[in-house]
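> 3D, please:
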Amino acid sequence: MKVTGIMAIKNGIVGGFPFLEGILSVLPVVDEFLVVDGGSSDKTWRALCKLREAFPEKVKIFQHAWVPSPNCENIDSSLNDLVFCAEGDWIINVQGDELWHEHDIVKLKESIIKADESGCKGIRTGMVEVKWDSFDRNYCRGSTYKTIRIFKKQSNLRLFRAGDDIFVEPDRSIREGFTSSNLPPEIDSYLEFYHFHRLFPENTAVADKLMNEELASVERAGVFYTGGVVGEGEVHSALPEIMKGLAYQSRYVVRDELFDTNWLNKTTGLCYNKLSDMQGGSKMELLQNFDLDNFGRKVWLNQKAKEEWEPVLSDALCLLQDMEVESVVRGQRPCSWQTVEEKYYSKFQDEWEQKGLVSAIVRRVGGVQGFTNKHYPVREGEPAMVCCILSKNMDDLEAFRKAVEQEDDYTMGILLGYPECCCRFFVDVWLKGYHDPVWQAALNTSGSHKESRYIRVKSYELFNPALRFLSVRIAFHLPCSFDCQGTKKITEERLELARELNSPLIDKVVKLLRMPVSWDCYHGIALVRTPIVYAVVPSCGSVERFVVEFEGDYIPPEAERGLVYPNNLIKE
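Numbering: from 1, shown residues only. Next up, the predicted model:
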């Protein structure tokens, strides 16, 4: 399933429309964003060109000169052209003065997936009228006045009144109780987009003139009210982060930081480095109805390597388990997830209580050997495992239990202390079936070298998820990229904890993390190569072969000689 964003805009800068912020607010969740410029005489087109240069994988821009027409007919024509050109199965219509809050992006994607799976054609959302210091959630929030900005592409679908009305022709009847639309079945949601209307005093007159004389010259003339927020005051804390820099400005300005992915990542907590799923050779297509049983195998390259490093891997697993618990005891994160044999749960529970922790069983699963990407049902005659959640207080424990019941992976990740960007990344890739998302994280990594289905990256040395199958890790989560700043901060905190618990051991683990490593994935199996040991592990059921190579600066003395390492394995 693909998602396309669309917008029609003219003279957005002099009109005071935060159109760039609107596009950027949904860019991490769409596969492409299509924009029509209606013949701007200000610098709107130049700004769109700059946005396309910053995000060439997703942003596509067009020009279509508008002429005065009644009731927004020229805007409607452009929007309908974009819908026709869209490659997405679902469309998000973002008007020039609307944007989505960064905190709602994960829920937005989940709602689209849910609507698609349930056979719905549209998603009704609320609209929040925004001032810099206050929000009005009464307008367009109740079931009667909710609107549709998210809808499934289908034949004979047409947008009217600047996209406020959506119909499948020839039926253009208005269904009482909903926005003007006929996209049954529709799904209701508690999502809300933000409407930034007339907030820049110097732009208000131009915007009204544009709307009254060119875009809605008959039926809607005069309906746009003047005004604008003047003076200065406290900026509302719940304002979308990308808009706070514009608060109480007299006119809308295009900020250079909007084209800086690092600034966007840091400001919003979203991932703007992510490449589009629509890029031919870089997209990982998955096999259908493909489900391998759990397995795992380590192959040592020589006896010396095994004698030196196998005890390190065993001890590293025990250290990780201690770090998982101790990080909660020290208040470094709210919760920890532990999987133990069911018959030993009471013993562990007593140990956790002595550390001041409360625990609860949230899932009963079958036993597995080593690291696994997913849980398996309990098999007859085999010991069962229980998944437990630990916390210092009952509120966090209950919040996690509720998140498990609702299958809310994002909230679970936050309660486990993971970075927001990585929680969003996890939800996005996991729902698509990428249960070993090394390739997807590599695509998100800045400075990586990509050729078709081969990527070479220089990872931050303290995390490499390809080695998690060998218990070689310091962070507990899957990073959204191999240069994720949030993961780097958390990893350094965990490293300090690990050194307190077992400094000699963690120094050896760090050496292993510095090794060159390759992750070679094909048909559900990944071969993880290091200079001392290979691991054959379950991975993504990819139709084609994908390889990620991690540069490294440490080769253990016990490494097998004669190997050219790393190898460029997939250059075709």
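
> Pull the contacting residues for the residue nearest to residue 304 when sequence neighbours are not counted.
Sequence neighbours aside, residue 558 is the residue nearest to residue 304 in space, at 4.5 Å (criterion: CB to CB, 6 or more residues apart in numbering). The way it works is simple: take the backbone N, C-alpha and C, and place the C-beta from them, glycine included. If you count contacts by CB atoms under 8 Å, 6 or more residues apart in numbering, residue 558 has them with 302, 304-305, 308-309, 532.

> What are the boundaries of the helices in the chain?
19-26, 44-54, 73-85, 105-117, 201-210, 261-268, 303-329, 345-354, 394-405, 409-415, 420-431, 438-443, 485-513 (DSSP state H).

> who wins for proximity to residue 34 among those?
Ranking the helices of the chain by their distance to residue 34 (criterion: CB to CB) puts helix 73-85 first, at 4.6 Å.

> and for that closest one, what are the contacting residues?
By CB under 8 Å, 6+ apart, helix 73-85 touches 4, 6, 8, 34, 36, 38, 62, 64, 66-67, 91, 93, 153, 157-163, 214-215.

> Just the buried residues of stretch 245-255, please?
Buried residues in stretch 245-255, counted by 16 or more other CB atoms under 10 Å: 246-247, 249, 252, 254.

> Quick one, grab the pLDDT at residue 333.
As predicted, residue 333 sits at a pLDDT of 95.

> what about the residue nearest to it when sequence neighbours are not counted, how many neighbours?
Nearest non-adjacent residue to residue 333, counting by CB to CB, 6+ apart: residue 417, 2.5 Å away. Per other CB atoms under 10 Å, the neighbour tally for residue 417 reads 19.

> again with residue 287
13.

> Would you mind giving both backbone torsions of it?
For residue 287, the backbone dihedrals are phi -70, psi 150 (criterion: degrees, to the nearest 10).

> residues in contact with it?
By CB under 8 Å, 6+ apart, residue 287 lies in contact with 523-524, 541-543.

> And the nearest residue to residue 423 once chain neighbours are set aside, how close does it get to residue 424?
Distances taken as CB to CB, 6+ apart put residue 413 closest to residue 423, at 3.5 Å, once the chain neighbours are dropped. To residue 424, residue 413 is 9 Å away according to CB to CB, to the nearest Å.

> same check, this time on residue 287
The value you get for residue 287 to residue 424, if CB to CB is used, is 26 Å.

> quick one: low-confidence ranges for the stretch 201-350 of the chain?
Counting by pLDDT under 70, the stretch 201-350 of the chain contains low-confidence residues at 215-231, 274-282.

> For the chain, name the helix or strand with the lowest mean pLDDT.
Ranked by mean pLDDT, DSSP states H and E, the weakest helix or strand in the chain is strand 449-451, scoring a mean of 75.

> What pairs with it, parallel or antiparallel?
According to DSSP bridges, strand 449-451 forms sheet pairs with strand 454-457 (antiparallel).

> Check which residues of the partner strand are buried.
454-457.

> that older thread, check contacts around the residue nearest to residue 333.
Applying CB under 8 Å, 6+ apart to residue 417 gives the contacts 327, 332-335, 476, 490.

> Could you point out the member of those residues that lies closest to residue 104?
The closest of these to residue 104 turns out to be residue 334 (CB to CB; 21.8 Å).

> Share the number of residues neighbouring the closest residue to that closest one other than its chain neighbours, please.
Leaving out its chain neighbours, the residue that sits closest to residue 334 by CB to CB, 6+ apart is residue 396, at 4.3 Å. Neighbour count for residue 396, taken as other CB under 10 Å: 18.

> give me every residue that touches residue 396.
Contact partners of residue 396, counting by CB under 8 Å, 6+ apart, are 334-335, 415.

> is it true that residue 440 touches residue 429?
Yes. Here residue 440 lies in contact with residue 429, judged by CB atoms under 8 Å, at a distance of 5.1 Å.

> Got a ChimeraX select line for the buried ones in the contacts of helix 73-85?
Buried residues within those, by 16+ other CB under 10 Å, are selected in ChimeraX with:
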select :4,6,8,34,36,38,66,91,93,153,157,158,159,160,161,162,163,214,215
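
> got the contact list for the residue nearest to residue 423?
Counting by CB under 8 Å, 6+ apart, residue 413 touches 422-423, 426-427, 477.

> where in the chain is pLDDT low?
Scanning the chain with the threshold set as pLDDT under 70 gives 137-145, 169-180, 215-231, 274-282, 367-376, 562-572.

> Okay, domains of it per the record?
3-272, 275-322+421-572, 334-416 (automatic domain parsing).
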